[in-house]
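K.L.:
Dropping a prediction and its sequence here:
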Amino acid sequence: MRPRFSAEVFTATFCVAYVSALAANLPLFLYYPQERVFSWSWAPLSGVGPGMAWYGLMAVAFPVSALVAAVAPTDGLPLRVREWLWILPACAMIGCLYLMSHFFLP
């Protein structure tokens with residue numbers, strides 16, 4: 001028996017989970033590349049340089065998406081919905097740009 005896994009549901013859930021984790025500023029961990037240190041808390045470490053939250057955000061969104069995609073039926077999305085599924089990643093990119101606009105706009 002082949003295990004169920006819906007790539008469409010994974011993609012949609014990942015987009016929503018990633019933008020939600022970014023908006024709430026809830027990475028699973030922070031990585032400090034200068035010191036090569038992982039911090040398993042949301043509070044930044046002092047004196048070790050800037051931390052990267054991207055890996056921690058991916059670590060939050062991936063298991064949520066994989067679980068939902070494994071539980072969801074593979075033939076659950078009608079063709080009309082699958083044709084417009086490309087809008088979710090585009091909206092997620094726009095949402096990420098908006099949430100991080102304070103880094104590159106005056």
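P.N.:
Good, I have the coordinates. Residues are numbered from 1 along each chain as shown.
K.L.:
Can you check the pLDDT for the most centrally placed residue in the chain?
P.N.:
Nearest to the geometric centre of the chain sits Y18, at 2.4 Å (Cα atoms, centre = their mean). pLDDT, Y18: 96.
K.L.:
tell me which element it is part of?
P.N.:
Assigned by DSSP states H and E, Y18 falls within helix 7-24.
K.L.:
Give me the contacts around the lowest-mean-pLDDT helix or strand in the chain.
P.N.:
Ranked by mean pLDDT, DSSP states H and E, the weakest helix or strand in the chain is helix 79-83, scoring a mean of 79. Residues from elsewhere that reach helix 79-83 (Cβ atoms under 8 Å, 6 or more residues apart in numbering): E8. For every residue, glycine as well, the C-beta is placed using N, CA and C.
K.L.:
How far off centre is that helix?
P.N.:
23 Å (Cα atoms, centre = their mean, to the nearest Å).
K.L.:
just stretch 60-75 next, same as before
P.N.:
Using Cα atoms, centre = their mean, the offset of stretch 60-75 from its chain centre is 13 Å.
K.L.:
Buried residues in it, which are they?
P.N.:
Residues of stretch 60-75 classed as buried: V60, A61, V64, S65, V68, A69, A72 (neighbour count, 16 or more other Cβ atoms under 10 Å).
K.L.:
Now intersect those residues with the helices, please.
P.N.:
V60, A61, V64, S65, V68, A69 (DSSP state H).
K.L.:
quick one: which of these is nearest M93?
P.N.:
A61 (14.1 Å; Cβ to Cβ).
K.L.:
Could you measure from the closest one over to L79?
P.N.:
Separation of A61 from L79 (Cβ to Cβ, to the nearest Å) stands at 26 Å.
K.L.:
Where does the prediction get shaky in this protein?
P.N.:
1-3, 74-77 (pLDDT under 70).
K.L.:
Please give me every residue in contact with Q34.
P.N.:
Q34 touches V48, G49, P50, counting by Cβ under 8 Å, 6+ apart.
K.L.:
Name the member of these that has the highest neighbour count.
P.N.:
Most neighbours among those, by other Cβ atoms under 10 Å: V48, with 15 neighbours.
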